[in-house]
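J.: this is a predicted model, with the sequence first.
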Amino acid sequence: MLSLFRTILAVLLTAVQMLVGVIGFGTQPQAAASPPRDCYPVVFVNGLGCWGEDDPIYELLPVWGMLAGSMRDAMRAEGFEVYEPSLGPFSSSWDRACELYASLVGTRVDYGAAHSAAHGHARYGPTYEEPLVPGWDGDTRKIHLIGMSSGGLTIRLFAQLAEEGCAQERAAASAGELSPLFTGAAKGRVASVTTLGTPNNGTSGLEPGSFLLTTGMLGGAYLLLAFLGLMIPPMESFYPTRLGQFDISSDDFKSAPLATLWDFMQYLLNGSDNALVDCTIDGAFALNETIKCQDGIYYFCYSASITEEDRNGNQVPSRDVFFALHPGAKAMGHNRSSYVTAGGHVIDDRWLPNDGLVNTISAQQPFGEPFQAYDPADLRPGLWNVMPVIESFDHADYMGGLEYAGGKPGTRERCLDMIAVLEALR
């Protein structure tokens, strides 16, 4: 049976590769490279279910760019130093922040003694053999962090740990067994944090009544890839689940197939240490209690809306919405009475406009943190510089879009404009 699965997978992947070669998905002719720009390295962190540049699936469909082609490569051709790390696609913001540090410096992942004990998983994870960003020292080599969707939660937490470390981990670690990330050793090495469509205050799309609609088609695709990866080892190499700390991998599936699949579903649906929890409204508020703006770091947030108000007070999806996001945009924009989450947070009509996955108000600054409207003549660190809402723009558009071969027009230009803001901070 396993050999049959491998044969089917090989045929499918060959077909996809042929299609990519014919239509041009994920690849574009590259112009001659421009001279290096005077800008710190840019590290783009992807969101829930997504992958990075070290994963084979990236060569077929880069997350940042999608059908418009790799934005990492396009920005490199413009002279920018850009990276797209491979982190756990379903992992919590904490676990991914630890993986991001290990990736940046080239070391073994340390999830922390206190955190690992609290959530019942192994303390140590995979080893990143080479540093993603050579010479990242904070003196001449800081980094700009850009986080798409839940990737924004990851980089916000990472910046917090980089600056202040973690007192709980310092108290729990034995001598000589503490990751530099938890000591604040990376202080001064992050120049900026930029979030794109990030549920900084959670998303009502994960509330009861909207969950299945917002997670439906895209969530099902990610789950299918993950299940195939657990059941078929070559597929896990193609799209890694990166959940070895929970003993969830294709190796575990070989010895205990049903138990491994059950553990994976329990991890996603009932676990306390995964990306879905962090993206709920109560989960995001809990995460926000552990994060604050750091004085020496610039913060930017981009939000969008793909909905418009109808005569009944609903926010309904526009015709420009990606079809897979239409059900979620409609469910999240449905006009209903204000309600209070289990954690005591009031959700009212301000939460109706959305991008199909994240409420527009949530993608702006985390509630309670200092902010100002973006003003290029008055950029300040230590607070959120809030970009104007992008209208008629959905969650997939941040990445380049999934609907059209070649991507929606303007993806490359939008990325250049965004990085130009960061270049001015040098």
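T.: That came in fine, so what should we check first? Just so it is clear, the structure is predicted and the values come from calculations on it, not from any experiment.

J.: in stretch 36-55, what's buried?
T.: Neighbour-count burial for stretch 36-55 flags 37, 39-53, 55 (criterion: 16 or more other C-beta atoms under 10 Å). For the C-beta atoms, the positions are set from N, CA and C on the backbone; glycine is no exception.

J.: repeat that for stretch 167-180.
T.: With burial defined by 16+ other C-beta under 10 Å, the residues of stretch 167-180 counted as buried are 169, 172-173, 178-179.

J.: with stretch 367-375 instead?
T.: 369, 371, 374.

J.: ok, back up a step: in strands only, show me the buried residues of stretch 36-55.
T.: Judged by DSSP state E, the buried residues of stretch 36-55 include 42-45 as members of strands.

J.: of those residues, closest to Ser249?
T.: Nearest to Ser249 among those is Val45, at 22.5 Å by C-beta to C-beta.

J.: if we can go back for a sec, confidence-wise, which of the buried residues of stretch 167-180 comes last?
T.: Among the buried residues of stretch 167-180, Ala173 has the lowest pLDDT, at 84.

J.: so it makes contact with His115?
T.: No. In this structure, Ala173 is not within contact of His115 by C-beta atoms under 8 Å, at 11.0 Å.

J.: before we move on, the earlier item: the buried residues of stretch 167-180: which two are farthest apart?
T.: Ala172 and Ser179 (11.7 Å).

J.: anything in contact with each of the two?
T.: By the contact definition C-beta atoms under 8 Å, 6 or more residues apart in numbering, Ala172 and Ser179 are jointly contacted by Gly112.

J.: report the contact partners of the residue lying closest to Gly106 once chain neighbours are set aside.
T.: Closest residue in space to Gly106, ignoring its immediate chain neighbours: Pro131 at 3.7 Å, by C-beta to C-beta, 6 or more residues apart in numbering. Contacts for Pro131 (C-beta under 8 Å, 6+ apart) come out as 104-106.

J.: ok, and the most crowded of those?
T.: The member of the contacts of Pro131 that has the most neighbours, counting by other C-beta atoms under 10 Å, is Leu104 with 23 neighbours.

J.: quick check: that one vs Tyr124, distance?
T.: As judged by C-beta to C-beta, to the nearest Å, Leu104 and Tyr124 stand 17 Å apart.

J.: contacts only, for Asp397.
T.: So Asp397 contacts 304, 322, 408 (C-beta under 8 Å, 6+ apart).

J.: what bits of this structure have low per-residue confidence?
T.: By pLDDT under 70, the low-scoring segments of the chain are 1-32, 175.

J.: then stretch 202-219 to CSV, C-alphas only?
T.: C-alpha atoms of stretch 202-219 as CSV (Å, rounded to 0.1, in the frame of the first residue of the first chain):
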residue,chain,number,x,y,z
GLY,A,202,-7.4,37.7,17.1
THR,A,203,-10.0,36.9,14.4
SER,A,204,-13.7,36.4,14.8
GLY,A,205,-13.3,33.9,11.9
LEU,A,206,-12.3,31.3,14.6
GLU,A,207,-15.3,32.0,16.8
PRO,A,208,-18.2,29.5,16.9
GLY,A,209,-20.4,30.0,13.9
SER,A,210,-17.6,31.1,11.6
PHE,A,211,-14.8,28.6,12.1
LEU,A,212,-15.8,26.1,9.4
LEU,A,213,-16.5,28.7,6.8
THR,A,214,-13.3,30.7,7.3
THR,A,215,-11.0,27.7,7.6
GLY,A,216,-12.9,25.5,5.1
MET,A,217,-11.2,25.3,1.7
LEU,A,218,-7.7,26.6,2.5
GLY,A,219,-7.6,24.9,5.9
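
J.: which residues sit against it?
T.: Residues from elsewhere that reach stretch 202-219 (C-beta under 8 Å, 6+ apart): 49, 276, 279-285, 324-325, 327-328, 330-332, 341, 347, 351, 354, 356-359, 362.

J.: where do the strands sit along the stretch 1-150 of the chain?
T.: 42-45, 82-83, 108-110, 124-127, 143-148 (DSSP state E, counting those that start in this stretch).

J.: tally of neighbours for Leu223?
T.: By the other C-beta under 10 Å criterion, the neighbourhood of Leu223 contains 16 residues.

J.: how close does the nearest residue to Pro180 once chain neighbours are set aside sit to Ala171?
T.: Spatially, and ignoring its direct neighbours in sequence, Pro180 is nearest to Ala186 (6.7 Å; C-beta to C-beta, 6+ apart). The spacing between Ala186 and Ala171, counted by C-beta to C-beta, is 19 Å.

J.: check Pro370 too.
T.: 29 Å.

J.: repeat for Val346
T.: From Val346 to Ala171 the distance is 35 Å (C-beta to C-beta).

J.: again, but for Tyr40
T.: Counting by C-beta to C-beta - Tyr40 and Ala171 are separated by 33 Å.

J.: residues near the residue nearest to Pro180, how many?
T.: Neighbourhood size, Ala186 [other C-beta under 10 Å]: 23.

J.: quick one: which helix or strand includes it?
T.: Using DSSP states H and E, Ala186 sits within no helix or strand.

J.: quick thing: my sequence starts at 560, can you match it?
T.: Fine by me, first position is 560 from now on; the one you just mentioned is Ala745.
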